[in-house]
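Asker: What would the 3D arrangement of this be:
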Amino acid sequence: MDSKRVAIIGSGTAGAATALYLSRDGHEVTLFEKVELPSAVGAGVMLQPSGMRVLRELGLEKDILQSGVRVKRLRATTQTGRTVLDLRYEQLDKKYFGLGLHRGALFQSLYGAVLSEGIETVVGVEVEQVEQSESDGCTLVASDGRCFCGYDFVVVASGARTALRKAVEIPHTVKEYAWGALWFVAENGGFESGDCLRQYLAGTHTMLGFLPTGHGPLGGASLTSVFWSIRADLVDDFRHHGLDHWKAGVLELAPKSKPILDQIQSIDQLLFAPYFDVVLKRPFKGSVIFLGDAAHATSPQLGQGCNLALVDAATLGAAVAGSETVAGAFEMYEQQRRSQIRYYQWATRFLTPFFQSNSRMLGWIRDSFMGLSCKIPPISKLMISTMCGLQNGLLSSCKDKANP
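Answerer: Numbers count the residues shown, from 1 in each chain. Purely as a prediction, here's the structure:
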């Protein structure tokens, strides 16, 4: 493909990674971001072997490894101590691990590379519409009336809440989950072993998680991200009850978490994150393509958001490099991403009610059988491969592509 002018909307994981791939392939890339000072908002994320492979390709793995902490195990137990999940990466491959990472460290690595490589960035501009013309290409229309013209194709990577799906009139459905999570990032303080993602469960209505998070974007102390499952319509009621009531419930599940809880002095320090389920009939329309959460946001139950976004970027980069036309690249991209995205959307929808819902029956089924499944090698390997971001379906994986 000849060099193209490309507009990328959104400087998050998918947008920044795509900008790096396309710019390095010789295309003229402009990255648009609606905020004046782009930064990452949120708690820790879990990078999986699938996402680490992409960062390795981009030459960013070394810095990321220094910022994060290697996670070897996922363990979830009930309030009575029954094991619900016990998955170890080494059961699939001794080379595999997860990487607990502060979202800001991932953003800093990707966006920092964008800036250092001289990729054009336009900040403080919210794109409200993308107009397509056979003669003039794509025009971006900003909320302040400014227009940015003459792009050969546009990548929309502006998150689950983007209004551009509707503006571009691409067929889609968006559903907000009834449940979300409160989160806080604390200094670890020796709370627990740093190589385990720990979850505590009480039925399907209560889920407490501690994710080792490495260091923040500016370095400093070792961090842990705390997650507390909650129904979205109960957040105001939760804040009304205050911290003491909540802390007492946390200590019942995780008695050793007091050093973490002592750092939370105000109920407002616990921030609420909603979940969305986004489905696009096709990820592109004309010369506009959607990546990351803008295309396929899910509940974070499987922790795949940033990993799927990174693989999206790598796949689009390869498709553009291997095609003669934009249309051909988009078709190739869809063909290569379709099965994995559909699998993780299905798996997330299937599993989420077992961990976040009001169903006593699903909680009983989970507690009775999921722990046993972890002891059956074919099932446990499927579960670990899914956790690693390597499945394309129940019977299909891409394990070899992630080998270090």
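Asker: Tell me which helix or strand comes right after whatever helix or strand L106 lives in.
Answerer: If you go by DSSP states H and E, L106 is part of helix 103-116. Counting by DSSP H and E, the element after helix 103-116 in chain order, helix or strand, is strand 120-123.
Asker: Packing partners of that following strand?
Answerer: If you count contacts as 3 or more CB pairs under 8 Å, 6 or more residues apart in numbering; DSSP states H and E, strand 120-123 packs onto strand 28-33. The way it works is simple: take the backbone N, C-alpha and C, and place the C-beta from them, glycine included.
Asker: Go ahead and name everything in contact with the helix or strand just after the strand it packs on.
Answerer: Downstream of strand 28-33, the first helix or strand assigned by DSSP H and E is strand 44-47. With CB atoms under 8 Å, 6 or more residues apart in numbering as the test, strand 44-47 has contacts from 55, 64, 68, 71, 98-103, 106, 185, 197, 211-214, 223-225, 303, 305-307.
Asker: rerun that using 6 Å as the cut-off
Answerer: G98, L99, G100, L101, H102, R103, L211, T213, S225, G303, C306 (CB atoms under 6 Å, 6 or more residues apart in numbering).
Asker: In three-state terms, label the residue nearest to D268 when sequence neighbours are not counted for me.
Answerer: Spatial nearest neighbour of D268, excluding adjacent residues (CB to CB, 6 or more residues apart in numbering): R239 at 7.8 Å. R239 falls in the helix class when you classify it by DSSP: H, G, I helix; E, B strand; the rest coil.
Asker: What's the separation between R239 and H245?
Answerer: Here R239 is placed at a distance of 11 Å from H245 (CB to CB, to the nearest Å).
Asker: now do A254
Answerer: According to CB to CB, A254 and H245 sit 16 Å apart.
Asker: More neighbours: the two, which one.
Answerer: Higher neighbour count among A254 and H245: A254, with 21 against 11, using other CB atoms under 10 Å.
Asker: Quickly list what the closest residue to the more buried one other than its chain neighbours is bridged to.
Answerer: Nearest residue to A254, sequence neighbours excluded (CB to CB, 6+ apart): Y200, at 5.4 Å. Judged by DSSP bridges, the bridge partners of Y200 are T77, L208.
Asker: Tell me the predicted confidence for S158.
Answerer: pLDDT for S158: 97.
Asker: picking up where we left off before, what's the burial count for the residue nearest to A254?
Answerer: 20.
Asker: Also the one 10 residues further on?
Answerer: Around F210 sit 24 other residues, with neighbours defined as other CB under 10 Å.
Asker: Now name the helix or strand holding it.
Answerer: Per DSSP H and E: strand 206-216 holds F210.
Asker: same for that strand, what does it pack against?
Answerer: strand 98-102, strand 196-202, strand 219-231 (3 or more CB pairs under 6 Å, 6 or more residues apart in numbering; DSSP states H and E).
Asker: ok so, going back, put the buried members of the contacts of strand 44-47 into a PyMOL selection.
Answerer: Filtering these down to the buried ones (16 or more other CB atoms under 10 Å) takes a single PyMOL command:
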select buried, resi 98+99+100+101+102+103+211+213+225+303+306
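Asker: where's the dip in pLDDT among the contacts of strand 44-47?
Answerer: Out of the contacts of strand 44-47, that is G303, at 89.
Asker: nearest residue to that one other than its sequence neighbours?
Answerer: That would be M46: by CB to CB, 6+ apart, it lies 4.5 Å from G303.
Asker: residue ranges with poor pLDDT in the stretch 201-350 of the chain?
Answerer: Counting by pLDDT under 70, the stretch 201-350 of the chain contains no low-confidence segment.
Asker: Can you get me a residue count around Q345?
Answerer: 19.
Asker: in the helix or strand that contains it, what counts as buried?
Answerer: Per DSSP H and E, Q345 falls inside helix 326-355. For helix 326-355, the neighbour count (16+ other CB under 10 Å) marks 326, 329-330, 332-334, 337, 340-341, 343-345, 347-349, 351-355 as buried.
Asker: how close does the residue nearest to G303 get to C196?
Answerer: For M46, the distance to C196 - CB to CB - is 12 Å.
Asker: Just want to know which of those two has more residues nearby.
Answerer: M46 (26 against 19).
Asker: What's opposite the more buried one in the beta bridge?
Answerer: G100.
Asker: what sits opposite the residue lying closest to E120 once chain neighbours are set aside in the beta ladder?
Answerer: Distance criterion CB to CB, 6+ apart; nearest residue to E120, sequence neighbours excluded, is T30 at 4.5 Å. Per DSSP bridges, the residues bridged to T30 are A7, E120.
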